[in-house]
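Engineer: Next input, structure requested:
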Amino acid sequence: MPVLRQIAQLGQPVLRRVADNVADPHDPAVQALIDDMLVTVVDANGVGIAAPQVFEPLSLFIAASHPNPRYPQAPEMEPTAMINPEILWVSDEKEPGWEGCLSIPGLRGLVLRHRRIGVRYLTRTGELREEEYADFLARVFQHEFDHVQGTVFIDRVESTRDLVTEKEYFKSLQSRA
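Structural biologist: Okay, here's the model as predicted:
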């Protein structure tokens with residue numbers, strides 16, 4: 001039965017190290033970790049979560065975009081485990097966007113990301129997949145990929161002036177509506 005995992009907060013060393021590759025996607029411990037991460041990301045209203053965020057230094061993350069209170073405009077996608085992910089190519093075109101992180105609660109930052117990317121990863125069944133993502137889904141992949149590289153979104157903001165509290169972020173969204 002899946003277990004709700006504690007989410008590592010900024011300052012935990014596991015968030016700042018490069019994760020180890022998963023040796024065997026079929027390992028029952030890896031399968032249990034994936035199940036735990038799937039319930040944890042839903043419980044936390046996330047659109048993705050990386051293994052280092054649940055104190056496991058493995059190159060594995062879940063992309064689980066769906067509309068929720070933290071990301072009301074997020075597109076719907078089937079939650080997907082991505083093992084030993086790689087970015088194969090990136091578009092020249094970049095786009096700024098506001099990001100938050102389950103490991104840095106209460107803060108949003110304006111981050112410049114590639115608009116389109118080509119990626120490769122293993123599924124939880126060990127199948128090698130190559131995909132192309134654009135816009136929000138490309139942003140989610142890049143954000144989670146950063147986690148397995150020991151990087152967090154605040155490392156990517158151009159200026160500390162591009163950081164706001166979530167309260168102010170949501171206030172500004174309401175004023176634009």
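Engineer: now for the worst-scoring helix or strand of the chain on mean pLDDT, which elements pack on it?
Structural biologist: Within the chain, no helix or strand scores below helix 166-176, which has a mean of 84 by mean pLDDT, DSSP states H and E. Secondary-structure packing of helix 166-176 (3 or more C-beta pairs under 8 Å, 6 or more residues apart in numbering; DSSP states H and E): strand 94-101, strand 104-114. From N, CA and C alone the C-beta is placed, and that goes for glycine too.
Engineer: just for this protein, where's the confidence low?
Structural biologist: Residues of the chain that meet the criterion pLDDT under 70 lie in 177.
Engineer: Longest helix in it, please.
Structural biologist: helix 28-43 (DSSP state H).
Engineer: which residues does the residue lying closest to residue 100 once chain neighbours are set aside contact?
Structural biologist: Once flanking residues are discounted, residue 100 sits nearest to residue 108: 4.9 Å by C-beta to C-beta, 6 or more residues apart in numbering. Counting by C-beta atoms under 8 Å, 6 or more residues apart in numbering, residue 108 touches 98-100, 163-166, 169.
Engineer: From what I see, residue 166 and residue 107 are in contact.
Structural biologist: Yes: using C-beta atoms under 8 Å, residue 166 makes contact with residue 107 at a distance of 6.6 Å.
Engineer: which neighbours do the two share?
Structural biologist: By C-beta under 8 Å, 6+ apart, the residues touching both residue 166 and residue 107 are residue 100.
Engineer: Just flag the most distant two among the contacts of residue 108.
Structural biologist: Greatest spatial distance among the contacts of residue 108 (C-beta to C-beta): 99 and 165, at 13.8 Å.
Engineer: can the helices and strands packed on helix 166-176 go into JSON lines with extra columns for distance to residue 17?
Structural biologist: Formatted as JSON lines, the helices and strands packed on helix 166-176 follow (distance: least, C-beta to C-beta, whole Å):
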{"stretch": "strand 94-101", "distance to residue 17": "17"}
{"stretch": "strand 104-114", "distance to residue 17": "17"}
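Engineer: Out of these, which is closest to residue 85?
Structural biologist: strand 104-114 (14.6 Å).
Engineer: can you give me how far stretch 57-74 is from the chain middle?
Structural biologist: In this view, stretch 57-74 has its centroid 6 Å away from the chain centroid, taken as C-alpha atoms, centre = their mean, to the nearest Å.
Engineer: my read: residue 46 touches residue 102, true?
Structural biologist: Yes: assessed by C-beta under 8 Å, residue 46 is found in contact with residue 102 at 5.0 Å.
Engineer: Compare the two (neighbour count), which wins?
Structural biologist: For residue 46 and residue 102, the more surrounded residue by other C-beta atoms under 10 Å is residue 46, and the numbers stand at 24 against 21.
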